[in-house]
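Student: have a look at this fold, sequence not included:
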Ligand SMILES: Nc1ncnc2c1ncn2[C@@H]1O[C@H](COP(=O)(O)OP(=O)(O)OP(=O)(O)O)[C@@H](O)[C@H]1O
């Protein structure tokens, strides 16, 4: 991002003059008080929102000048995880993950192989026939992560992925993210989870009132909430 600002149509200035570079393979926490602009930062990366000003390149693609038809190609190179899981309620665990591969028209054989591999990685191979409402919150988030990584994205972005989970379950999620990152995937995670950020000692980008106020290599959370 280079001199990126985002002002919503109601005049709300969510981000102001953000310049930051995240390299391939990094693990980055984005922290800051409520309303600081963390979700907006994440939304710009997957082009859910467009910057009002500035340049933004994600995985070699200029997101600002991108044609609407190119957006799906950008998103195929990303895995996105939300606080509220966003699984399809009428599809099984297997189908939720396989669906992401059907969208890119992968073969059935490749899909089967990959879905089982990623469900194994998140520890849910044995629950592939379950529906989301038959799973705990932590299990649902693990399915969401499996879905996010099944197409081998270059970057995984996560907005408060442990926000609805208890501390122990949050750790399980973080261990999975760490493994995903160790395999070379860039990880960008917006979070309020102080214990997680403090323990993991990753790069921390702190945003306050839409501006970067801190960028540390092995950082801490640094807020009281
Ligand atoms: N769609 C929108 N329309 C108008 N204003 C918005 C919109 N989304 C966010 N904002 C405003 O932009 C600012 C930044 O919001 P953002 O959601 O990015 O913050 P955040 O750091 O993710 O907050 P939280 O930790 O509470 O999720 C806030 O003032 C918010 O009210």
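Tutor: Yep, that arrived. Note that the structure is a prediction, hence the values are computed from the model and not measured. Residues are numbered from 1 along each chain as shown.

Student: rest of the way, CA atoms for contacts and neighbours
Tutor: OK.

Student: could you pick out the longest helix of this protein?
Tutor: helix 167-182 (DSSP state H).

Student: got a list of contacts for the next helix or strand after that one?
Tutor: Next along the chain after helix 167-182, taking DSSP states H and E as the criterion, comes strand 186-190. By Cα atoms under 8 Å, 6 or more residues apart in numbering, the residues outside strand 186-190 that reach it are 23-31, 38-39, 42, 154-161, 177, 181.

Student: check stretch 156-169 too.
Tutor: By Cα under 8 Å, 6+ apart, stretch 156-169 touches 39, 42, 78-85, 137-138, 141, 148-149, 170, 173, 185-193.

Student: what's the first-to-last distance across it?
Tutor: Stretch 156-169 has an end-to-end distance of 19 Å (Cα to Cα, to the nearest Å).

Student: next one: stretch 37-51
Tutor: Termini of stretch 37-51 sit 12 Å apart (Cα to Cα).

Student: next, the buried residues of it.
Tutor: 37-47, 50-51 (16 or more other Cα atoms under 10 Å).

Student: now the angle between strand 186-190 and the longest helix of the chain, please.
Tutor: If you take axes from the mean of the first three to the mean of the last three Cα atoms, to 10 degrees, helix 167-182 sits at 150 degrees to strand 186-190.

Student: and after the helix or strand where residue 120 lies, which helix or strand comes next?
Tutor: Using DSSP H and E, residue 120 sits within helix 108-121. The first helix or strand that comes after helix 108-121 along the chain, using DSSP H and E, is helix 137-149.

Student: what does that next one rub up against?
Tutor: Contacts for helix 137-149 (Cα under 8 Å, 6+ apart): 78-81, 84-87, 93, 96-98, 100, 115, 118-119, 121-122, 124, 132, 156, 161, 164-165, 169-170, 173.

Student: how about residue 2, phi and psi?
Tutor: phi -130, psi 120 (degrees, to the nearest 10).

Student: ugh, typo on my part, it should be residue 53
Tutor: Residue torsions, per degrees, to the nearest 10, at residue 53 are phi -140, psi 160.

Student: shouldn't it be in contact with residue 8?
Tutor: No. Here residue 53 lies out of contact with residue 8, judged by Cα atoms under 8 Å, at a distance of 11.6 Å.

Student: so which bits of the helix holding residue 120 are buried?
Tutor: Those would be 111, 114-116, 118-119, 121, for helix 108-121 by 16+ other Cα under 10 Å.

Student: could I get those as a markdown table with pLDDT and distance to residue 61?
Tutor: Output for the buried residues of helix 108-121, formatted as a markdown table (pLDDT from 0 to 100; distance: Cα to Cα, whole Å):
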| residue | pLDDT | distance to residue 61 |
| --- | --- | --- |
| 111 | 96 | 27 |
| 114 | 96 | 26 |
| 115 | 97 | 28 |
| 116 | 97 | 31 |
| 118 | 97 | 27 |
| 119 | 97 | 30 |
| 121 | 95 | 29 |
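
Student: can you list the domain ranges for the chain.
Tutor: 1-77+153-225, 87-152 (automatic domain parsing).

Student: I'd like these as TSV, with distance to the ligand appended.
Tutor: Converted to TSV, the domains of the chain look like this (distance: least, Cα to the nearest ligand atom, whole Å):
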stretch	distance to the ligand
domain 1-77+153-225	3
domain 87-152	18
